[in-house]
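[1] just coords:
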C-alpha cells in the first residue's frame, strides 16, 4: 500500500510540470547549432544525435524531471530561468479574454517576451511582456494594462 501511494505521489509530482523551458533539450539543440556553420554538418549532427538518442532522452528528462522541478521550485535547474508570467485567469476574464483558445509565450531575451493569444472566434493578438527584476508588465500597442510580481 505504501509503495502504491508513493508511486502515485511521485507520478503526480513529475507530471505536473511538463510545460516548462525544456532547458536540457535547448542545450542539446544549441550544441547542434553552434558546432558547425555548415548546414549539411548541422543536419548530419542532428541525425546522429537523434539516432544516439540525445534529443529523446533530453526531452524525457525535461518533461519528467527538470520541468517538474521548475514548476515546484520556480526555477529551472539547467538554465536558472524562472517562469516569466503567471497571469491569474480572473485577470484575463476582467480584460475580456474569457474566450481564449490558445496562449503561447515566446521569450525574446531575459527581460522581454511576446504573448500570443488566439481566441475561439479566430481573432488573435500579441501582447508585449517586459520583466524588470521581480515584476513584469503586460502591454498592448504601448499601453500597459497589467503589472504583476513574480513568485520566486
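    Arrived safely, thanks for sending. Fair warning: this is a prediction, and the values are worked out from it, not measured in the lab. Residues are numbered from 1 along each chain as shown.
[2] domain parsing for this structure?
    With domains defined by automatic domain parsing, the chain comprises 2-73, 89-149.
[3] most packed of those?
    domain 2-73 (a mean of 14; mean count of other CB atoms under 10 Å). C-beta coordinates here come from the backbone N, C-alpha and C atoms, glycine included.
[4] check the offset of the helix or strand residue 72 falls within from the chain's centre.
    If you go by DSSP states H and E, residue 72 is part of helix 67-73. Mean-position distance between helix 67-73 and its chain equals 11 Å (CA atoms, centre = their mean, to the nearest Å).
[5] am I right that residue 114 falls within a strand?
    Yes - counting by DSSP: H, G, I helix; E, B strand; the rest coil, residue 114 falls inside a strand.
[6] so it touches residue 106, yeah?
    Yes - using CB atoms under 8 Å, residue 114 is in contact with residue 106, at 4.7 Å.
[7] okay, the domains of the chain in TSV with distance to residue 81 and mean pLDDT next?
    Shown next, in TSV, are these (distance: least, CB to CB, whole Å; pLDDT from 0 to 100):
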stretch	distance to residue 81	mean pLDDT
domain 2-73	5	78
domain 89-149	8	78
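[8] let's have the ones you listed in a markdown table, adding distance to residue 80.
    As requested, those are exported to a markdown table (distance: least, CB to CB, whole Å):
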| stretch | distance to residue 80 |
| --- | --- |
| domain 2-73 | 8 |
| domain 89-149 | 10 |
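[9] need phi/psi at residue 22.
    When read as degrees, to the nearest 10, the backbone of residue 22 gives phi 50, psi 50.
[10] so what's it up against?
    Residues near residue 22 by CB atoms under 8 Å, 6 or more residues apart in numbering: 59, 62, 63, 66, 67.
[11] now residue 31
    By CB under 8 Å, 6+ apart, residue 31 has no neighbours at all.
[12] doesn't it belong to a helix?
    Yes - membership of residue 31 in a helix is supported by three-state DSSP.
[13] what's the distance between it and residue 25?
    Using CB to CB, to the nearest Å, residue 31 is found at 11 Å from residue 25.
[14] how about residue 81?
    14 Å.
[15] what do you get for residue 48?
    16 Å.
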